[in-house]
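*Asks:* curious how this folds, go ahead:
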Amino acid sequence: MNNTHTFSFLYKIKLAGILLLLLSFSNSNNAQNVINGKIYDSNTKLPLVGANIYLENTSIGTLSDENGNFLISTKSNKNKFKLIASYIGYFSEEKDIELNKNYISIELYLKPSLLNLDQIVVTGTRTERFLKDTPVSTRVINKEQIQNSGASDIKQALSEINGIVIHENQFGTGVNTVEIQGFGSQHVQILVDGIKMIGRVNGELDISTIPINQVEKIELVKGAASALYGSEAMGGVINIITNKMNNDFSMTSDLSTGSYGRLDGSINLNVPVNNWRPSLNFSYRKYDGYDLNKLTPSDDGTAYKKYHGQFNLNGNLNENTELNLRTLFFNENQNSQSSIIFRDRIENIQFAGRLELTSKQIINSFNMKTGIEYSVFDHTYDQKVISSGFIKNGDATLEKLLRGDVLFDFALGKNLINGGYSFEYEIIGSDRVINENQNSNLNNIFLQDEIVINDWSTFLGGIRLDAHSVYGSQLTPKAAVMFKPSINSRIRVSYSEGFRAPSFKELYIEYVNLNVGYHITGNPELRPEKSTSLQTDIEYWNDNNYHLKIHFNYNQISNLIDYKYLGIEDNYGIYKTANLEKVNTWGGDFDVEYFPYDFLNFKFGYGYFDSKDLQTNDQLLLKSKHKINFSFNLNFIGYLSFSFRGQFFGKQIWKDYEEIIYTGRNEVISSYWLFHTNLNYKISEKLNTYLGMRNLNNYINKTWGPMPGREWYIGLKYEYK
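*Replies:* This is a model prediction of the structure:
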């Protein structure tokens, strides 16, 4: 019995040995090959997290970990492979490898591409999102794009986006305003680091107050955004984000000069102290203006001097709590000769500050941000008699805004919920409003829920309630959905409502023009302007060299505020502000970016816009139906870059007014092209020089713009980090 068991046991051992030998033999020609490596950004040398590494023509691949490490194993009979590494925002890298041994270790370096869809944006949802994953269509102009364009201010950077129109120095006023999808600047919310800009003159907000060399990036959301930002966001939101504070000492200075006495200078300092990161920015800009016709007494381009300063402070109170202080100061002096008798003078002074406390993960994923901000804008307009120096007072306005908010966000399953409460108290003093002083207060709450339905669809819904002391309550909803047909494509559809509250001057203006003979009065019964907006985006890109985006929009606007003619009284034409117009607008944009090589890229965009005044059936005034933008950018071996850009503007219609009285004359503004070029040369790691020309084709238009023709600029930039 024991012998039988012993034999059985020995037999099993012998059989197992034979099986192991057979298995070893069968695998001798199919050994396991291991590829171990690490992947980096070629510029920063930092590891890339989540990069895709795979073997060509196989299903074998992996993702890099948080340290950039990756590991691939294969039992293929082949010993030669093509290894491919890809990462959104970078050029793919291909590497031929030969496995003479069963193990190989390699390092990969990916070059960044301008096709950067992994940058963080905040404006569309008021929460941090990757650009490619935000359900609200958002456009970003980053610092590198600004530098390549040679833009000397924000208006020039924005002007090269389809759906955006910049009214530059309109009628020689020195004010540069923005228009989105036909909505004028009074319908566009403009933020600086999330701080609401005030200081509208005649309803218009000058976007050129922030110098371009202090801008890190610009985020743009087209379409009604009142569900998040309230009044003035009927047409969209522009969030100007200034240079970041960091943990290392850095200094940047920039000096440039150009046509018509242009002189721009700036200095930026970051001086970290322990856990605190203070930064100081200062800039000076001067422009001498221009006169296109010496036979007339008036100037065409307004001369100015602008001073701008910022002090920001950021620090960590503890691991989860951060304190931010942001302050801004701006002073501007404009002057131009308006007639043989007068020189017009304008002074604008602005101060804004915000103190903000951010607490993260208070309870699990619950985050909270509280802030308070205060802004002052002082506008003075007068006329100086050229012969005597006598000062004739014109218009003075002092505006103050106190604002506070509490914002929160948290994740709950597949839901990301954010919301908040804010209050505003606003005061205006002006010699053109009844009693010369008026004030208002506003309280609002909003709530938004972003739901990840599945891997290929996300829904976002939001609602906001505003309670205003003058115009009452407004309820504003919003809904958006994003589909992901593939990893490299997005479809976004949104419906939103917007509104704009009547301004103080529209409500309470009391102004008599003795020279022209008219009398304007405000209307405290004005209702807010309202809009509904439909926006659709179709977006597609590959891993590294092209990006296509098609955008459609349709807007309905009602209760537009204008002047209503009431007749003649005491030889004066009497006008009163009223809710009069209803307007529909529609259009679309097509944009494509193509990067055939890491040193070369092309961009082309076409925009179509149309509109209809439902009372007159006419197209809206000063609106081009067609706009084209294109650019060609070339980078030579890392130290020399060249760009050539073009813009086409379709014809526009204008009705001639004398002050606010229609003269009966219509004019057609012909279509035109503008071409620009810019050259950057990197002298050393810290020193860079640039030069360029705007309006190369020397397009001149004295009446509409005005546009002075060809302008040149040259500058030097020093950067120490």
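
*Asks:* need phi/psi at Lys143.
*Replies:* Phi and psi for Lys143, reported as degrees, to the nearest 10, are phi -60, psi -40.

*Asks:* show me the contacts for it.
*Replies:* Residues near Lys143 by C-beta atoms under 8 Å, 6 or more residues apart in numbering: Val215, Glu216, Lys217. Placement of C-beta: from N, CA and C, glycine included.

*Asks:* helices along the stretch 401-550 of the chain, start to end?
*Replies:* Shown for the stretch 401-550 of the chain, the helices assigned by DSSP state H, counting those that start in this stretch span residues 504-508.

*Asks:* sorry, back to before: reformat the contacts of Lys143 as JSON lines; add secondary structure and neighbour count.
*Replies:* Below are the contacts of Lys143 laid out as JSON lines (DSSP: H, G, I helix; E, B strand; the rest coil; neighbours: other C-beta atoms under 10 Å):
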{"residue": "Val215", "secondary structure": "strand", "neighbour count": "21"}
{"residue": "Glu216", "secondary structure": "strand", "neighbour count": "13"}
{"residue": "Lys217", "secondary structure": "strand", "neighbour count": "20"}
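
*Asks:* what about the helices in the protein?
*Replies:* Ranges of helices in the chain, per DSSP state H, are 2-28, 143-149, 154-158, 226-229, 504-508.

*Asks:* confidence-wise, which of the ones you listed is weakest overall?
*Replies:* For these, mean pLDDT drops lowest on helix 2-28, to a mean of 42.

*Asks:* domains in this structure, by residue range?
*Replies:* Per automatic domain parsing, the domain ranges recorded for the chain read 31-110, 139-720.

*Asks:* if we can go back for a sec, dump the contacts of Lys143 into a markdown table; add distance to Thr521 and pLDDT as well.
*Replies:* Shown next, in a markdown table, are the contacts of Lys143 (distance: C-beta to C-beta, whole Å; pLDDT from 0 to 100):
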| residue | distance to Thr521 | pLDDT |
| --- | --- | --- |
| Val215 | 41 | 88 |
| Glu216 | 45 | 88 |
| Lys217 | 44 | 89 |
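
*Asks:* mind putting those into CSV with distance to Asn67?
*Replies:* Below are these laid out as CSV (distance: C-beta to C-beta, whole Å):
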residue, distance to Asn67
Val215, 33
Glu216, 28
Lys217, 28
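
*Asks:* centroid residue for the protein?
*Replies:* Taking C-alpha atoms, centre = their mean, the centroid of the chain lies closest to Glu219, which sits 2.1 Å from it.

*Asks:* specify the beta-bridge partners of Ala352.
*Replies:* With beta bridges defined as DSSP bridges, Ala352 has these partners: Leu328, Ser375.

*Asks:* residue contacts, it?
*Replies:* Shown in contact with Ala352 (C-beta under 8 Å, 6+ apart): Val192, Ile195, Met197, Ile198, Thr327, Leu328, Glu373, Tyr374, Ser375, Val376.

*Asks:* measure the nearest residue to Phe632 once chain neighbours are set aside to Ile637 for me?
*Replies:* Excluding its sequence neighbours, the residue lying closest to Phe632 (C-beta to C-beta, 6 or more residues apart in numbering) is Phe644, at 4.8 Å. To Ile637, Phe644 is 19 Å away according to C-beta to C-beta, to the nearest Å.

*Asks:* which one's more surrounded, these two?
*Replies:* Each of Phe644 and Ile637 has its neighbours counted (other C-beta atoms under 10 Å); Phe644 has more, 16 against 6.

*Asks:* so that one touches Thr677, yeah?
*Replies:* Yes - in this structure Phe644 lies within contact range of Thr677 using C-beta atoms under 8 Å: 5.1 Å.

*Asks:* I figured Gln350 hits His379, correct?
*Replies:* No - between Gln350 and His379 there is no contact under C-beta under 8 Å: 9.2 Å.

*Asks:* overlap in contacts, those two.
*Replies:* Shared contacts of Gln350 and His379, counting by C-beta under 8 Å, 6+ apart, come down to Gly199.

*Asks:* show me where the stretch 601-721 of the chain has strands.
*Replies:* Applying DSSP state E, counting those that start in this stretch to the stretch 601-721 of the chain gives strands spanning 626-636, 640-649, 652-658, 661-669, 672-682, 687-694, 700-701, 707-708, 711-720.

*Asks:* repeat that for the stretch 1-150 of the chain.
*Replies:* Per DSSP E, counting those that start in this stretch, the stretch 1-150 of the chain carries strands over the ranges 33-41, 52-55, 61-63, 69-74, 80-86, 93-98, 103-110, 120-121, 129-130, 139-142.

*Asks:* redo the ones you listed as a markdown table? Include mean neighbour count.
*Replies:* What follows is the strands of the stretch 1-150 of the chain, written out as a markdown table (neighbours: other C-beta atoms under 10 Å):
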| stretch | mean neighbour count |
| --- | --- |
| strand 33-41 | 18 |
| strand 52-55 | 20 |
| strand 61-63 | 15 |
| strand 69-74 | 16 |
| strand 80-86 | 18 |
| strand 93-98 | 13 |
| strand 103-110 | 15 |
| strand 120-121 | 18 |
| strand 129-130 | 16 |
| strand 139-142 | 20 |
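
*Asks:* mean pLDDT added to those, as TSV?
*Replies:* TSV is the format used below for the strands of the stretch 1-150 of the chain (pLDDT from 0 to 100):
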stretch	mean pLDDT
strand 33-41	88
strand 52-55	85
strand 61-63	85
strand 69-74	86
strand 80-86	83
strand 93-98	83
strand 103-110	86
strand 120-121	78
strand 129-130	76
strand 139-142	87
